[in-house]
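In: I would like to see how this sequence folds:
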Amino acid sequence: MLEQLIDQLFAKNPENYDHQDMEAFQEFKEALNSGAARAAEPDPDSVPGWKVNHWVKRGILVGFRMGKTVDMSKGDDRFSFFDKSTYPLRNFDLSSSVRIVPGGSSVRDGCYIGASVTCMPPMYINVGAYIDDGTMVDSHALVGSCAQVGKNCHVSAAAQVGGVLEPVGALPVIIEDGVLVGGNCGIYEGTIVKKGSVLGSGTILTRSTPVYDIVHETVLRAEDDMPLIIPEGAVVVAGSRPITKGIGKEWNLSLYTPVIVKYRDERTDERIRLEDWLR
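Out: Down below sits the predicted model:
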């Protein structure tokens, strides 16, 4: 079983890796590319609705241990690249049904890219990421290692979907189906954005940043064993809250905070429907 093989490789001294071990790792990487293995997956029995597959993260780390830094430069010596031999760029062809627009995008080997995904240049997708069907990753966007992005999402220009590879037990960032991530957004530290949510441009989501839901008059926070979770259909924008004591109050300073200003309705759907023409 692949999971058992990976656990054995993770426990093994890297100096003792052999050809058979490399073949096992290649099998694992093919499972990542096909989507058969993923760093996190839906779990309706858990409170956040997702679970971490620790062995998959271990397998990715094994790849870094196995690999040797090699020259990956192509052609012109002015563009030199040196990286682990186990994680070259991923190969695509027309049968992959992935649209990669010319202009300098990179997809690292060992990640799942679904059918009809659009990659606008220059963007970057790291190892262990999972990008489901019909999603667009826009210019200058980053999808970090092990991040999970659902179907028909739009990761807009310069957005950062942070990855969480270590510790292996930590939940990566999750973007569920139909989410619009606006330009210059940042989603980090295992945050979960539920289905159909809209993140306005410049919204930053982390474990340490509370989210003020003015619709339901509540404050959303990450707990010790729970990530920050943005509810289904929420429309989140960048806001601020005043400092209420000390010198910050005297100086009339405010702190950044995300604010849920509404939940999706027909007007919201009409505004974002125009993006379908870009796919």
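In: hang on, A24 in a strand?
Out: No - A24 is assigned helix when assessed by DSSP: H, G, I helix; E, B strand; the rest coil, not a strand.
In: ok, E27 touching I6?
Out: No - E27 lies out of contact with I6 (Cβ atoms under 8 Å); the separation is 9.6 Å. From N, CA and C alone the C-beta is placed, and that goes for glycine too.
In: who has more neighbours out of the two?
Out: In this view E27 and I6 are compared by other Cβ atoms under 10 Å, and I6 has more residues nearby, 25 against 14.
In: and that one, which helix or strand is it part of?
Out: helix 2-11 (DSSP states H and E).
In: which other residues reach that helix?
Out: Here helix 2-11 makes contact (Cβ atoms under 8 Å, 6 or more residues apart in numbering) with 17, 21, 24-25, 27-28, 31, 37, 55-56, 58-59, 61-62.
In: which of those residues are buried, as a PyMOL select command?
Out: Selection of buried members from the contacts of helix 2-11 for PyMOL, criterion 16 or more other Cβ atoms under 10 Å:
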select buried, resi 17+21+24+25+28+31+37+55+56+58+59+61+62
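In: and the contacts of helix 2-11, which two are the farthest apart?
Out: Y17 and A37 (19.6 Å; Cβ to Cβ).
In: what does V168 show for phi and psi?
Out: phi -60, psi -20 (degrees, to the nearest 10).
In: T118 versus that one, what's the distance?
Out: 31 Å (Cβ to Cβ, to the nearest Å).
In: what do you get for T69?
Out: Applying Cβ to Cβ, the value for T69 to T118 is 32 Å.
In: and these two? Which one has more around it.
Out: Applying other Cβ under 10 Å to T69 and T118 shows that T118 carries more neighbours, namely 17 against 9.
In: got the phi and psi for that one?
Out: Backbone torsions of T118, given as degrees, to the nearest 10, read phi -110, psi 130.
In: and it, what are its bridge partners?
Out: R99, M136 (DSSP bridges).
In: and the helix holding I6, what's buried?
Out: 2, 5-7, 9-10.
In: keeping just the C-alphas, turn that helix into CSV.
Out: Only the C-alpha atoms of helix 2-11 are listed here, as CSV (Å, rounded to 0.1, in the frame of the first residue of the first chain):
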residue,chain,number,x,y,z
LEU,A,2,1.4,3.4,-1.0
GLU,A,3,0.7,5.0,2.4
GLN,A,4,2.7,2.3,4.2
LEU,A,5,5.6,2.7,1.7
ILE,A,6,5.7,6.5,2.3
ASP,A,7,5.7,6.1,6.1
GLN,A,8,8.6,3.6,5.7
LEU,A,9,10.5,6.1,3.5
PHE,A,10,9.8,8.9,5.9
ALA,A,11,11.3,6.9,8.8
